[in-house]
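Undergrad: Got a predicted model here, sequence first, then my questions.
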Number of protein chains: 2
Amino acid sequence: MPQLQRLTRRLRQGPWALPAALQLQTLSNLESTSHVGANNNVERALATKATATSSSRESWSVPASVIAAGAALLGSALLVPGHAAAKKELAILPGSKAASSPAAGAASAKPTGASAAAEPAAAKGQAKDDKGRPIYTREEVAKHKTPKDRVWVTYKEGVYDITEFIEMHPGGAAKIMLAAGGSVEPFWGLYQQHKKAEVFAILEPYRIGTLEGGAAAAAAASAALKDPYAGDPPRHPVLIPRTQKPFNGETPGSLLAASPLTPTDVFFVRNHLPVPHVDAEAYRLQVTGEGARSLELSLADLQSRFRKHHVTATIQCSGNRRNEMSRVKPVKGLEWDQGAIGTAVWGGVRLRDVLKAAGLSEDDPSVAHIHFEGLDKDPATGDVYGASIPLSRALSAEYDVLLAYEMNGQPLNADHGAPLRVVVPGVTGARSVKWLGRIVASPSESASHWQQKDYKAFCPSVDWDTVDWGSAPAIQEPPVTSAICEPAPGTVLSAADGEVTLRGYAWSGGGRGIVRVDVSADGGKTWAPARLLPPPPGAPAQGSYTGAWAWSLWEATLPLPAAGSGATSVELVVKAVDASYNNQPDSVAGIWNLRGVVNNAWHRVTLPLEP
Amino acid sequence: MPQLQRLTRRLRQGPWALPAALQLQTLSNLESTSHVGANNNVERALATKATATSSSRESWSVPASVIAAGAALLGSALLVPGHAAAKKELAILPGSKAASSPAAGAASAKPTGASAAAEPAAAKGQAKDDKGRPIYTREEVAKHKTPKDRVWVTYKEGVYDITEFIEMHPGGAAKIMLAAGGSVEPFWGLYQQHKKAEVFAILEPYRIGTLEGGAAAAAAASAALKDPYAGDPPRHPVLIPRTQKPFNGETPGSLLAASPLTPTDVFFVRNHLPVPHVDAEAYRLQVTGEGARSLELSLADLQSRFRKHHVTATIQCSGNRRNEMSRVKPVKGLEWDQGAIGTAVWGGVRLRDVLKAAGLSEDDPSVAHIHFEGLDKDPATGDVYGASIPLSRALSAEYDVLLAYEMNGQPLNADHGAPLRVVVPGVTGARSVKWLGRIVASPSESASHWQQKDYKAFCPSVDWDTVDWGSAPAIQEPPVTSAICEPAPGTVLSAADGEVTLRGYAWSGGGRGIVRVDVSADGGKTWAPARLLPPPPGAPAQGSYTGAWAWSLWEATLPLPAAGSGATSVELVVKAVDASYNNQPDSVAGIWNLRGVVNNAWHRVTLPLEP
């Protein structure tokens, strides 16, 4: 059933009926918890379900209203195999014009499957609501937890049979099955992208009745599940939030350019899950796996038994500057501007030293990767954040991989991984696992979603239908990048000033120092070298071939078009060169990828020019 | 005297009165021998000269004919400080329109300095030639070897006083002083760019008389200096020569794409100097320097005392694909197309093992670089080719630096460094020194011209007037690159075929494997991933994060515009991505640099399309 497989994959992974902006911010977080682990309850529940529904798949249908909503909001369409009119939509790809056509479906049609499913219940002669829909008790709803029994959920006072929607749930079938037989509200509370009229519009056609006791009963039930983000720490108000739950916030450009070390309070925060609260006294790091003597180390053990090291390193999210990519074509992920990057002095012990203490060796052919497991846990599935790096990097004396308990001279704070985190210098942020719980030596890479199905880039022509996650390596070292932090977007330049001063950062992966930064005030037609500012404390000289884990801040003053030139705007551009003479690509289009990662095109800021 | 310094620098380094094409091919070779060593005879001769000429510098002048010739040929001008009319020319930069104006000088004017200098000799009442010029004996000419005595040279039967030209010699004063008091012909034989009418036009205005015995006497004297390139080995006729002396030849694209290992006979040859003939029996490798126990190792010692290793590695000249760069704006260097690259299995011993045998250690703070000195020698100065790499790379077990005595299973041949060469995998070819004579441990980089003043790149706005060689690091690891080898330029495509198959290579420095190659048949508007061919024998899997020293060959088939589409040409494009997700820049202009090195822009081949 390749068509069905394509459908399922598209519905799981593809853009769907959420406003584009919200989708871009949060879908990755939603998705990110749906691929971990194979032996939990959810998987077992799904196995049952799959058997039960396999015979009904050919009759799957989607409400026309959903098609219309999806098409109008996103320029994409949900697909309806087994439904003649909608079959045409199989050819509609996200972003195609046809998808936004009203022909995609009439907004008022009812889902066949859902109506049919409601009938047996309605026939029992139960009490009816004011619209003639049957009224069900919470206990009756709770009996409908598997596809075999039909899957019911409640939302406020509504009761819904979502059996036919399960496989189409963009967050994956496993996620929506967690609400089976109960209210979806606690889960919608976790994944805020649901709190939109458009999402309710998707649900409503599946309504089969009303909950006894109405909204009040539903609210009481919902309150039983506490908001797992309620314990998140307060954040500095200057951070620009991209999502609140989990919290993801970036540093304003002017603060990045202001100091070679980013103050901890304004350092960007990239959380995939609720912030765990770890008692530093009770904390124990587990070290285990192939070729390792298992260790259990308290923070005091780490601090007393291993030598303390300091490393000045920049950490950047793979999705930094994603918003430029989504201007070319929508991508999935947090809409970062250029502020998902920061530089700190990290203090801690070398991963190498701890691994050696566990008896690990470069020569052990049974070990090739070191996994890091966080203590941050998916409140729905219990899965933890995970990532891995190659053993050669983990054991190298030159790569400076740190188990850090200090950031900028202070103990780690809650948002940055207290009490212990990994810092993998020169490597994309996703591998610097926070709230480190376990280190596992393994012959293979981490199987986590974030290692296998997230932080990777593909050819611009690859979309969510055609992506083969296994065809690309997990991002480890990111490419050379740079950004203009000042002047900020929106600044009005004055030709009378005669010149403009630019400030920003440049950084490359793998410890390749920044050799040169070029700037332009004419969109890249002519260039001048910028002045590299002194390296941050503890960082090697600018342009070092190796070990340059920290960014280079830079500044440059360029002439503006003369007053009377007729120019009404100025396009400022920056590009950097690293010690391997890697350059940045000129434009975003050539490196566009569906996840919007590793955008390192020339950074451009176009500003109005007053006479 | 900053103006004078600028002048001197420009005249030494800048474009001058040679045809652009020839200049691009050979000037770098000429230059490349003029910066080595500080304590040789030439330097001592120059010290004398400098004292003698320092008082006359304010009256330097350049024949107007030279200015005109230079301007007409190259779009540049020689500059004449102290000469009112010519002072204006200071503002004329290479490529500016004013430089090609006839106002730059009348072609028939005589050089003031040269005429004045000739007078004392003419006054002696010597025999005159048929044009009334004095006739000098070879012995008389030989007395004029220093600026104090005036510097005379002969060319065929002509005698020339070149005292005023010395500092303006594009190859440097040291080079031209080697001919002082004798014939320039043996030297012009070494540096073939002189064998042009335009060069003679520069010399002719300095003529002060005629040599006794005429051309025959000059030829006899000239024959005394043997052609140092006469002993160069024969080359495969398929190599495309870029210069003959020294020989530099590249591999045709179709042969590159044909096999993952490049056959030795068609492997590109990049020689800076004549090929030395080394007796393998008598050969001794010297290892010496800071922190090292001096060693002297025969080939048999190396083969018997150290373990043999094989490394499959690509070697690429920093100037590969330079011809694309010179289409944007002229650059200096061999006009390589995409064939200054090749891949071989190298057999030999690890540099690391030899250095360890010499007692070198990572922990020795007195050593930071390992120098390699070739046995190839400048026939004029005696200086040898040299380069260096950081100690950390030299000692690393992971970087696989080899002292190779085999190439593709055979002993090294003469052009590729017999009997022993360095192979620095993942590093630009210039560091893989051939005909290795000495290894020297040092606290600092090699002082050689090729390390300090050649293989470096700068901002596109930096020209030969403004270049600060110290501001950029020597190229070690080159950036990710790729090229289309098939179809070859000039191939006529047929729309009736419906599709076109592309083949080529992709490679990156530092052992970063090729993750992906994207191709386009519409100039880069849309892309498709190419198929990566199996890695060469001995190379790791495609896309490896580390140790991928060899290129990836690839192929792809793309649809052509349909017959009747009206398209008359197709622009094929390739770009590659390495394991650090480095991308190639879209265009050459943004990475243009005066030496034309590390061009890794998208490779484009535009082909005509027949219906």
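TA: Okay, I see it. Everything numeric here is computed off the predicted structure, so don't read it as measured data.
Undergrad: Around the residue lying closest to residue A:260 once chain neighbours are set aside, count how many other residues there are.
TA: Once flanking residues are discounted, residue A:260 sits nearest to residue A:536: 3.6 Å by C-beta to C-beta, 6 or more residues apart in numbering or on different chains. (C-beta placed from N, C-alpha, C; glycine too.) Counted with other C-beta atoms under 10 Å in any protein chain shown, residues neighbouring residue A:536 total 21.
Undergrad: Residue A:536 contacts residue A:261, doesn't it?
TA: Yes: judged on C-beta atoms under 8 Å, residue A:536 makes contact with residue A:261 at a distance of 5.4 Å.
Undergrad: shared neighbours, the two?
TA: By C-beta atoms under 8 Å, 6 or more residues apart in numbering or on different chains, residue A:536 and residue A:261 have these common neighbours: A:312, A:343, A:345.
Undergrad: what secondary structure does the last one sit in?
TA: Under DSSP: H, G, I helix; E, B strand; the rest coil, residue A:345 falls in the strand class.
Undergrad: Please name the nearest non-neighbouring residue to it.
TA: residue A:312 (5.0 Å).
Undergrad: Tell me the secondary structure at that neighbour.
TA: Under three-state DSSP, residue A:312 comes out as strand.
Undergrad: Please tell me how far it sits from chain B.
TA: 19 Å (C-beta to the nearest C-beta, to the nearest Å).
Undergrad: what's near enough to touch that residue?
TA: A:261, A:343, A:344, A:345, A:346, A:536, A:537, A:538, A:539, A:549, A:550.
Undergrad: For chain B, what is the nearest residue in the stretch 101-250 of chain A?
TA: residue A:250 (20.7 Å; C-beta to the nearest C-beta).
Undergrad: and the stretch 251-400 of chain A, which residues reach chain B?
TA: Within reach of chain B by C-beta under 8 Å from any C-beta of the partner chain, the stretch 251-400 of chain A has these residues: A:390, A:392, A:398.
Undergrad: who does the first one bridge with?
TA: Using DSSP bridges, the beta-bridge partners of residue A:390 come out as residue A:369.
Undergrad: residues near it, how many?
TA: 17.
Undergrad: domain parsing for chain A?
TA: A:135-223, A:248-453, A:480-608 (the TED database).
Undergrad: what's the least confident stretch among those?
TA: Of all the domains of chain A, mean pLDDT reaches its minimum on domain A:135-223 (a mean of 82).
Undergrad: The stretch 401-550 of chain A against chain B: which residues are in contact?
TA: So the stretch 401-550 of chain A meets chain B at A:457-462, A:472-473, A:475-480, A:509-510, A:512, A:515-516, A:518, A:524, A:526-529, A:543, A:545-546 (C-beta under 8 Å from any C-beta).
Undergrad: Let me see the ranges of the helices in the stretch 101-250 of chain A.
TA: Ranges of helices in the stretch 101-250 of chain A, per DSSP state H, counting those that start in this stretch, are A:112-122, A:138-142, A:173-177, A:185-190, A:197-203, A:214-223.
Undergrad: Equivalent analysis for the stretch 301-450 of chain A, please.
TA: Going by DSSP H, counting those that start in this stretch, the stretch 301-450 of chain A shows helices at A:322-328, A:351-357, A:391-395, A:449-452.
Undergrad: export those helices to a markdown table and tack on mean neighbour count?
TA: A markdown table is the format used below for the helices of the stretch 301-450 of chain A (neighbours: other C-beta atoms under 10 Å in any protein chain shown):
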| stretch | mean neighbour count |
| --- | --- |
| helix A:322-328 | 20 |
| helix A:351-357 | 21 |
| helix A:391-395 | 22 |
| helix A:449-452 | 21 |
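Undergrad: Quick one: closest of those helices to residue A:132.
TA: Closest of the helices of the stretch 301-450 of chain A to residue A:132 is helix A:449-452, at 44.3 Å (criterion: C-beta to C-beta).
Undergrad: picking up where we left off before, show me the beta-bridge partners of the residue of the stretch 101-250 of chain A closest to chain B.
TA: Bridge pairing for residue A:250 - DSSP bridges - gives residue A:240.
Undergrad: so it makes contact with residue A:337?
TA: Yes: the criterion here is C-beta under 8 Å, and residue A:250 meets it with residue A:337 at 6.3 Å.
Undergrad: so what sits against both of these two?
TA: residue A:240.
Undergrad: So these two - more neighbours on which side?
TA: residue A:250 (26 against 18).
Undergrad: got a list of what the more buried one touches?
TA: Counted by C-beta under 8 Å, 6+ apart, residue A:250 has contacts A:239, A:240, A:242, A:268, A:336, A:337, A:339, A:340.
Undergrad: would you list these in CSV and tack on distance to residue B:272?
TA: Output for these, formatted as CSV (distance: C-beta to C-beta, whole Å):
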residue, distance to residue B:272
A:239, 55
A:240, 54
A:242, 54
A:268, 49
A:336, 48
A:337, 48
A:339, 48
A:340, 46
